[in-house]
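S.K.: What shape does this take:
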Amino acid sequence: MRAYEELVSANQGIAVRTAYLFCGNAASAEEAAQDAFLKAYRALWRFRRGAPFRPWLLRIVANEARNKARAAGRREALRLRAERSASGDAAPSPEAVLLSRERREELLGAVNRLDERDRLVLACRYFLELSEAETAATLGWPRGTVKSRLSRALDRLRAEMER
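M.R.: Model (predicted):
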C-alpha cells in the first residue's frame with residue numbers, strides 16, 4: 001500500500017493534466033484522475049511486471065477521462081495553460097507580458113480549432129512533455145501512428161497559425 005501511495009504521489013500531477021486534456025474541466029479532471037488511480041489499484045494484477053508504470057496509468061486516466069466527458073455530454077474546447085518557469089532575468093515589461101499572453105492565447109486558440117486527435121497528440125507530446133513512446137502508450141496508438149499524426153498535426157497547426 002505504501003509503495004502505491006508513492007506511485008500516486010509521483011504521478012498525480014501528470015494524471016490530472018492528462019485527464020484535463022480529455023475533460024476540459026479542472027474539477028472533472030481531478031475526479032477522473034482519482035477514479036483512475038482507484039481503477040489502477042484494482043487492476044494492479046494486470047500490470048505487466050517490468051513495464052513502465054506511468055504510460056500504463058496514463059492510459060487508464062485517459063480512458064476514465066474520456067468516459068467522464070462522454071457521460072456528461074461535454075465537448076468543451078480544450079483549454080491548456082502554458083506554464084513558464086520564472087527565470088533570473090529582470091521582470092518583463094507590461095508590453096512584453098501582454099504580447100506573450102496574446103501569442104499564447106493565439107496558439108491555444110489554433111490548437112483548439114484542430115480536431116481531437118491532433119489536439120491530443122500535440123498536448124501529450126508538447127504540453128505534457130511525454131516521449132513518443134509514452135504518448136503512444138497513453139493514447140493507445142502504435143508509435144509510428146504517433147509520429148505520423150504528430151507530423152500532420154504540426155503541419156495543420158502551422159497552417160492554422162498563418163490564417
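S.K.: Ranking helices and strands of the protein by mean pLDDT, which lands last?
M.R.: Lowest by mean pLDDT, DSSP states H and E among the helices and strands of the chain is helix 94-113, with a mean of 73.
S.K.: moving C-terminal of it, what's the next helix or strand?
M.R.: Using DSSP states H and E, the helix or strand that follows helix 94-113 in sequence is helix 116-122.
S.K.: which intervals of the chain have sub-threshold pLDDT?
M.R.: 71-100 (pLDDT under 70).
S.K.: Tell me which residue is most central in it.
M.R.: Nearest to the geometric centre of the chain sits residue 18, at 3.7 Å (C-alpha atoms, centre = their mean).
S.K.: Check which helix or strand it maps to.
M.R.: Using DSSP H and E, residue 18 falls in helix 2-23.
S.K.: residues making contact with whichever helix or strand comes after that helix?
M.R.: Heading C-terminal from helix 2-23, the first helix or strand you meet, by DSSP H and E, is helix 26-42. Helix 26-42 is contacted from outside by 4, 8, 12, 15-20, 22-23, 47, 56-57, 60-61, 63-65, 68-69, 72, 74, using C-beta atoms under 8 Å, 6 or more residues apart in numbering. No exception for glycine: its C-beta is placed from N, CA and C like everyone else's.
S.K.: Over to stretch 149-163?
M.R.: 106-107, 110-111, 113-114, 117-119, 121-122, 125, 132, 135, 141.
S.K.: Between these, which sits nearest residue 147?
M.R.: Proximity of those to residue 147 (C-beta to C-beta) peaks at residue 132, which lies at 6.4 Å.
S.K.: neighbours around the nearest residue to the closest one once chain neighbours are set aside, how many?
M.R.: Spatial nearest neighbour of residue 132, excluding adjacent residues (C-beta to C-beta, 6 or more residues apart in numbering): residue 146 at 5.3 Å. Neighbour count of residue 146, defined by other C-beta atoms under 10 Å: 23.
S.K.: Check residue 16 too.
M.R.: Count around residue 16 with other C-beta under 10 Å applied: 20.
S.K.: Equivalent analysis for residue 31, please.
M.R.: Neighbour tally, residue 31, other C-beta under 10 Å: 17.
S.K.: residues in contact with residue 60?
M.R.: Residue 60 neighbours (C-beta under 8 Å, 6+ apart): 36, 39, 40, 43.
S.K.: Among the residues you listed, name the buried ones.
M.R.: When the contacts of residue 60 are checked for burial by 16 or more other C-beta atoms under 10 Å, the buried set is 36, 40.
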